[in-house]
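**Student:** A structural model of the following input is requested.
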Amino acid sequence: MTDYTDVEILVSEAEIERTVALFYGRAREDSLLGPVFREAIPDAQWNAHLAKIAAFWRKVLRRQPGYEGNPMRAHVALGVLEKRHFDRWLALFEAAAREVCRPEAADEFVGRAQLIAASLLHGLDFFRTRQQPAG
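**Tutor:** This next block holds a predicted model:
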């Protein structure tokens with residue numbers, strides 16, 4: 001992955017917007033991820049959610065302000081996510097990024113997504129172990 005000190009910003013805003021739209025459209029229809037999304041995000045809030053996720057990625061990839069949120073809290077609150085969800089999320093996300101972005105931008109996008117997924121999965125596992133009663 002590229003360091004933030006690099007002069008060139010590899011992932012354009014257009015690539016972020018298009019990747020987010022393509023990925024989440026597919027994820028919402030996916031047999032594994034779709035039910036999670038449909039339960040968590042009502043149709044009336046879908047466009048606002050896409051805008052929030054695009055702002056998240058602009059912050060991650062371009063260091064732009066505009067995202068205020070807590071991804072860990074949001075994912076813990078779902079209560080249903082397992083490794084298989086993250087594996088599927090990453091597969092769909094990578095396919096969308098590689099379809100939309102220039103190769104070097106897709107590499108950056110996918111690399112960051114992998115780190116974020118690993119961090120979220122680790123956090124969910126940690127949270128779950130702390131919630132188990134002492135035996």
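
**Student:** mind listing what's buried in the helix or strand bottoming out on mean pLDDT in the chain?
**Tutor:** One helix or strand of the chain scores below all others by mean pLDDT, DSSP states H and E: helix 71-78, with a mean of 78. Of all the residues in helix 71-78, those buried under the rule 16 or more other CB atoms under 10 Å are 75-76. All C-beta spots, glycine's among them, are computed from the backbone N, C-alpha and C.

**Student:** next one, pLDDT for Thr5 please.
**Tutor:** The model reports Thr5 with a pLDDT of 44.

**Student:** next one: Ala40
**Tutor:** pLDDT recorded at Ala40 is 91.

**Student:** repeat that for the one 3 residues further on.
**Tutor:** We have a pLDDT of 91 for Asp43.

**Student:** element containing the closest residue to Gly34 other than its chain neighbours?
**Tutor:** Distances taken as CB to CB, 6 or more residues apart in numbering put Arg28 closest to Gly34, at 5.4 Å, once the chain neighbours are dropped. Element membership for Arg28 (DSSP states H and E) is helix 13-29.

**Student:** contacting residues for the nearest residue to Val80 once chain neighbours are set aside?
**Tutor:** Computed as CB to CB, 6+ apart, the closest residue to Val80 that is not its neighbour in sequence is Val36, at 6.2 Å. Contact analysis of Val36 by CB atoms under 8 Å, 6 or more residues apart in numbering lists 78, 80-81, 85.
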